[in-house]
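K.L.:
My questions concern the predicted model and sequence given below.
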Protein chains: 2
Amino acid sequence: MISISLIGFGNIGKQLFKAFNKKEGVTVKQVYSPSLKPQKKGKTSFINVIENLQKSTIFIIAISDDEIGSFSEKIPFENELVVHTAGSVSMKALASKNRRGVFYPLQTFSEGSKIKWKEIPVCVEAENEKDLELLMRLGYLLTKKVISLSSEKRLQLHLGAVWVNNFSNHLFHLAEDFLNDAQLDFDLLKPLIKETVNKIKKSSPSKVQTGPAKRNDQKTMEAHLELLNNPKHKEIYKLLSESIQQKF
Amino acid sequence: MISISLIGFGNIGKQLFKAFNKKEGVTVKQVYSPSLKPQKKGKTSFINVIENLQKSTIFIIAISDDEIGSFSEKIPFENELVVHTAGSVSMKALASKNRRGVFYPLQTFSEGSKIKWKEIPVCVEAENEKDLELLMRLGYLLTKKVISLSSEKRLQLHLGAVWVNNFSNHLFHLAEDFLNDAQLDFDLLKPLIKETVNKIKKSSPSKVQTGPAKRNDQKTMEAHLELLNNPKHKEIYKLLSESIQQKF
């Protein structure tokens, strides 16, 4: 039986708790967060004082990237397995008094969204083989895709995630604002967004690029630029169009 | 019975042909394209000489944006209903000798992809009420979402489409290249891409933005920028991050 102490109860902490709670072979023994009301629910104790942390097989720190390092110092044990869940934080950011590792689920977690864990890649890293094996075992409880990645590789993957998730979502946001201003319904674009993603299920994005920049349609690009009032948005439009043209 | 002459047999021409061919109340009488082998298939004559065009209820021009204007002059009739299918081309680009209109399906069409027409918005425009009604009727044969839009509004919508489709796909492309160079599998990002789109099914993109730029995590942004070698990609990263920060 793997026992888990979960430190942090934000989006990712909650999702991990929900997911592990349903699995055989693993118990979430404690959940720590300063804002929690101390109570026992099922097999889990919710605590808000870090000194009340008990030993378990693994301590999972799921808090803001910036606080991982300093907070890991506060874990009142030594030589235990302590991992964080961040894409861009080095394993070495964790306090060296414990055996360090990473358990990074590559997904965007929002309050209330239903996560299909089976498809989500979990990237693991550890200082020694035995811990790595344990993290892999833990990963495979949730998903069929567990990979061992160094901190350096994980950062690269995280950068890819920023391009496809954070930046794409921002483009959706810009489009939404623009259409709202034009009194057009953003929902009109949703089937197109759906198909944009459908297309790359089986094909490479490089093969399905379309649009005025791809076909070097200067007239349309100029007409579009004239519609944009915000200079930064104009700049983004130009830069992305140039970047598309650089590829083709 | 609405009879259609389809001019152009590229991605969109083929998709329209396939879609109308299955419907009651409409026949594709002729399909013209210079590269077609003249033949009759079912109710449709395929022709490659524009002078062989016969009268029909509606002529749909589905060729490159740039050629719509000049090509519409070549239609050997007057006072017929002639429409184009482009998002960014004004209705007035069509030769004025015919009754002009637009039939713009807001979707990205690629060779071989299966189109779920029912969800795709079709934007129509015409110079007179009767033609507009006909175009709406034609649209509703394919989809439940038909809207009447001026050329100006259609161009705005088309700009929105460029943000969400062309530019997002380019971000996917950049991420793919970057991961390939780092010997990481782009497929790892696909569940994340799927969830990025899932999230905005019911929520606004403005509400689900996450990432280093949103939380002003300078350290991570700097680490990411160091990984990018191409100056244009660095610039895109910076500009999109700044634009996200401008929103929050």
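P.N.:
Yep, it's here.

K.L.:
For burial, what's the neighbour tally of the spatially closest residue to residue A:151 that is not a sequence neighbour?
P.N.:
Nearest residue to residue A:151, sequence neighbours excluded (C-beta to C-beta, 6 or more residues apart in numbering or on different chains): residue A:90, at 4.2 Å. Any C-beta I mention is one placed from the backbone N, CA and C, and that applies to glycine too. For residue A:90, the count of nearby residues is 19 (other C-beta atoms under 10 Å in any protein chain shown).

K.L.:
Would you verify that residue A:140 is located in a helix?
P.N.:
Yes: counting by DSSP: H, G, I helix; E, B strand; the rest coil, residue A:140 is located in a helix.

K.L.:
Can you tell me the closest non-neighbouring residue to it?
P.N.:
Residue A:140's closest residue in space is residue A:146 (C-beta to C-beta, 6+ apart), at 5.5 Å.

K.L.:
Likewise for residue A:224?
P.N.:
residue B:159 (4.7 Å).

K.L.:
One more: residue A:73?
P.N.:
Excluding the flanking residues, the one nearest residue A:73 by C-beta to C-beta, 6+ apart is residue A:95, at 4.5 Å.

K.L.:
what's around that neighbour, how many residues?
P.N.:
17.

K.L.:
Assign a three-state SS to it, would you?
P.N.:
coil.

K.L.:
List the backbone torsions phi and psi for the nearest residue to residue A:39 once chain neighbours are set aside.
P.N.:
Excluding its sequence neighbours, the residue lying closest to residue A:39 (C-beta to C-beta, 6+ apart) is residue A:46, at 5.3 Å. Per-residue torsions, residue A:46: phi -100, psi 130 (degrees, to the nearest 10).

K.L.:
I'd say residue A:46 and residue A:36 touch.
P.N.:
Yes: if you go by C-beta atoms under 8 Å, residue A:46 and residue A:36 touch, sitting 4.6 Å apart.

K.L.:
and these two? which has more neighbours close in?
P.N.:
With neighbours defined as other C-beta under 10 Å, residue A:46 and residue A:36 compare such that residue A:46 has more, 18 against 14.

K.L.:
re the thing from before, burial count for the residue nearest to residue A:140?
P.N.:
Neighbours of residue A:146 using other C-beta under 10 Å come to 20.

K.L.:
Need the per-residue pLDDT for it.
P.N.:
Looking at residue A:146, its pLDDT reads 98.

K.L.:
coming back round to it: what sits against the residue nearest to residue A:224?
P.N.:
A:178, A:224, A:227, A:228 (C-beta atoms under 8 Å, 6 or more residues apart in numbering or on different chains).

K.L.:
same check, this time on residue A:234
P.N.:
Here residue A:234 is in contact with A:225, A:228 (C-beta under 8 Å, 6+ apart).

K.L.:
Any figure for the gap between it and chain B?
P.N.:
As judged by C-beta to the nearest C-beta, to the nearest Å, residue A:234 and chain B stand 11 Å apart.

K.L.:
repeat for residue A:73
P.N.:
When residue A:73 is compared with chain B (using C-beta to the nearest C-beta), they lie 18 Å apart.

K.L.:
Would you confirm that that residue contacts residue A:94?
P.N.:
No: using C-beta under 8 Å, residue A:73 makes no contact with residue A:94, being 9.1 Å away.

K.L.:
Comparing the two, which residue is more hemmed in?
P.N.:
Neighbours per residue (other C-beta under 10 Å) separate residue A:73 from residue A:94, with residue A:94 holding more: 25 against 11.

K.L.:
Excluding sequence neighbours, find me the nearest residue to residue A:71.
P.N.:
Once flanking residues are discounted, residue A:71 sits nearest to residue A:63: 6.0 Å by C-beta to C-beta, 6+ apart.

K.L.:
a helix runs through the one you found, doesn't it?
P.N.:
No: per three-state DSSP, residue A:63 lies outside any helix segment and is coil.

K.L.:
Next up, the contacts around it.
P.N.:
Per C-beta under 8 Å, 6+ apart, neighbours of residue A:63: A:7, A:8, A:10, A:13, A:71.

K.L.:
Show me the longest helix that occurs in chain A.
P.N.:
As assigned by DSSP state H, the longest helix anywhere in chain A is helix A:231-247.

K.L.:
if you average pLDDT over that one, what comes out?
P.N.:
The average pLDDT for helix A:231-247 rounds to 96.

K.L.:
Would you indicate which residues of that helix are buried?
P.N.:
Neighbour counts over helix A:231-247 (16 or more other C-beta atoms under 10 Å in any protein chain shown) mark A:233, A:236, A:237, A:239, A:240, A:241, A:243, A:244 as buried.

K.L.:
ends of stretch A:153-168, how far apart?
P.N.:
One end of stretch A:153-168 sits 22 Å from the other (C-alpha to C-alpha, to the nearest Å).

K.L.:
Next: stretch A:209-217.
P.N.:
This stretch, stretch A:209-217, spans 14 Å end to end (C-alpha to C-alpha).

K.L.:
try stretch A:142-149
P.N.:
Between where stretch A:142-149 begins and where it ends, there is a gap of 18 Å, by C-alpha to C-alpha.

K.L.:
Hmm, residue A:87 is touching residue A:157, no?
P.N.:
Yes: in this structure, residue A:87 is within contact of residue A:157 by C-beta under 8 Å, at 7.0 Å.

K.L.:
Tell me which of these two has more neighbours.
P.N.:
Taking neighbours as other C-beta under 10 Å, residue A:87 and residue A:157 compare with residue A:157 leading, 26 against 23.

K.L.:
element containing that one, please.
P.N.:
Per DSSP states H and E, residue A:157 falls inside helix A:151-161.

K.L.:
quick one, that helix and helix B:231-247 angle?
P.N.:
Relative orientation of helix A:151-161 versus helix B:231-247 (axes from the mean of the first three to the mean of the last three C-alpha atoms, to 10 degrees): 70 degrees.

K.L.:
Give the buried residues for helix A:151-161.
P.N.:
A:151, A:153, A:154, A:155, A:156, A:157, A:158, A:159, A:160, A:161.

K.L.:
Roughly how far does the second one sit from residue B:9?
P.N.:
What it means is residue A:153. The gap separating residue A:153 from residue B:9 is 47 Å, by C-beta to C-beta, to the nearest Å.

K.L.:
Also the last one?
P.N.:
Applying C-beta to C-beta, one obtains 40 Å for the distance of residue A:161 from residue B:9.

K.L.:
Any chance of the buried residues of helix A:151-161 in CSV with distance to residue B:29 and pLDDT as columns?
P.N.:
What follows is those, written out as CSV (distance: C-beta to C-beta, whole Å; pLDDT from 0 to 100):
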residue, distance to residue B:29, pLDDT
A:151, 64, 97
A:153, 59, 98
A:154, 59, 98
A:155, 59, 97
A:156, 56, 98
A:157, 54, 98
A:158, 55, 98
A:159, 53, 98
A:160, 49, 98
A:161, 51, 97
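
K.L.:
Distance to residue A:29 for those - can I get that in CSV?
P.N.:
As requested, the buried residues of helix A:151-161 are arranged in CSV below (distance: C-beta to C-beta, whole Å):
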residue, distance to residue A:29
A:151, 27
A:153, 31
A:154, 27
A:155, 31
A:156, 34
A:157, 30
A:158, 29
A:159, 35
A:160, 34
A:161, 30
